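Asker: build me a structure from this.
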Amino acid sequence: MRFGAAVLRGYEDPFAVEEVILNAGPADGEILVRIAGCGLCRTDLAVRHSAGRSPLPAVLGHEGAGVVVETGSPDTGLGPGDHVVLSFDFCGRCRSCLGGAPAYCDRFAALNLFGGRSENAARFTDGAGEALAPRWFGQSSFAEYAIVPARNAVRVDATLPLELLGPLGCGFLTGAGAVLNSFGAGPGDTVAVFGAGAVGLAAVMAATAAGALVVAVDRHPER
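Answerer: A predicted model of the protein is given here:
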């Protein structure tokens with residue numbers, strides 16, 4: 001199938017919308033997702049300063065949300081029509097993954113930042129048939145469609161505005177995770193959040209939900 005995607009070809013180049021080709025559907029344990037919306041994270045922009053460690057050309061994007069179109073096997077727990085939010089890739093086999101802490105996966109950097117998965121990499125090419133780097137953060141969601149390991153996807157309520165939910169998979173996960181998991185904030189605690197962007201506002205919401213007193217600090221008055 002052919003569809004549009006934002007391709008980054010060089011570390012000094014702008015993103016450019018091009019036609020890309022998916023030469024095969026989802027493999028075992030994967031899903032094909034039609035992207036409804038995707039956030040732009042600073043990590044996507046940081047590729048330009050990666051000293052060549054993040055391979056190009058590539059389709060970036062890792063705050064995607066969309067609708068499942070097809071599954072590669074019957075055991076994914078998802079089906080066509082499901083609304084999903086996408087998040088980072090992880091191996092699922094190391095001590096951290098098996099211990100319920102996939103963000104600390106032994107292969108996190110390799111899978112998400114510096115090359116992605118090598119399995120079935122050749123199926124995703126540009127319009128001329130030239131190879132694109134393997135999936136960025138397990139999704140490469142600056143595109144109309146993305147192939148994603150099913151474990152990277154979380155089903156969400158179909159009545160929610162799907163095109164706005166993508167940042168839940170990165171920015172909001174980061175801010176809320178810091179407050180709830182790392183700090184363990186709760187009633188009686190005071191939490192100061194420096195920077196009220198997407199990550200900071202997620203921390204504000206999580207701390208408020210946990211019953212803490214929250215102070216947000218930002219140089220931009222509108223925030």
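
Asker: helices or strands up against the helix or strand bottoming out on mean pLDDT in the chain?
Answerer: Every helix and strand of the chain was ranked by mean pLDDT, DSSP states H and E. The lowest is helix 42-46, at a mean of 88. On a contact count with 3 or more CB pairs under 8 Å, 6 or more residues apart in numbering; DSSP states H and E, helix 42-46 meets no helix or strand. Heads up, the C-betas are built off the backbone N, CA and C, glycines and all.

Asker: buried residues, it. List them.
Answerer: For helix 42-46, the buried set under the neighbour-count rule, 16 or more other CB atoms under 10 Å, comprises 43, 44.

Asker: need the contact partners of that helix.
Answerer: 60, 61, 62, 136, 142, 170 (CB atoms under 8 Å, 6 or more residues apart in numbering).

Asker: wait, residue 20 touches residue 145, no?
Answerer: No - using CB atoms under 8 Å, residue 20 is not in contact with residue 145; the gap is 9.1 Å.

Asker: off-centre distance for the least confident helix or strand of the chain?
Answerer: 12 Å (CA atoms, centre = their mean, to the nearest Å).

Asker: ok, now stretch 89-104?
Answerer: So, by CA atoms, centre = their mean, the centroid of stretch 89-104 is 16 Å from its chain's centroid.

Asker: same question, stretch 56-74
Answerer: Using CA atoms, centre = their mean, the offset of stretch 56-74 from its chain centre is 9 Å.

Asker: now do it, average pLDDT.
Answerer: Taken as a whole, stretch 56-74 carries a mean pLDDT of 94.

Asker: and that stretch, end to end?
Answerer: 33 Å (CA to CA, to the nearest Å).

Asker: okay, strands next: where are they in the chain?
Answerer: 2-8, 16-22, 30-38, 58-59, 64-71, 83-86, 124-126, 145-149, 153-155, 190-194, 213-217 (DSSP state E).

Asker: list the contacts for the residue nearest the centre of the chain?
Answerer: The residue lying closest to the centre of the chain (CA atoms, centre = their mean) is residue 62, at 2.9 Å. By CB under 8 Å, 6+ apart, the residues touching residue 62 are 41, 43-44, 86-88, 112, 136-139, 141, 169-170.

Asker: picking that back up, could you dump the strands of the chain to JSON lines with distance to residue 93?
Answerer: What follows is the strands of the chain, written out as JSON lines (distance: least, CB to CB, whole Å):
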{"stretch": "strand 2-8", "distance to residue 93": "30"}
{"stretch": "strand 16-22", "distance to residue 93": "27"}
{"stretch": "strand 30-38", "distance to residue 93": "17"}
{"stretch": "strand 58-59", "distance to residue 93": "25"}
{"stretch": "strand 64-71", "distance to residue 93": "21"}
{"stretch": "strand 83-86", "distance to residue 93": "21"}
{"stretch": "strand 124-126", "distance to residue 93": "24"}
{"stretch": "strand 145-149", "distance to residue 93": "13"}
{"stretch": "strand 153-155", "distance to residue 93": "19"}
{"stretch": "strand 190-194", "distance to residue 93": "35"}
{"stretch": "strand 213-217", "distance to residue 93": "38"}
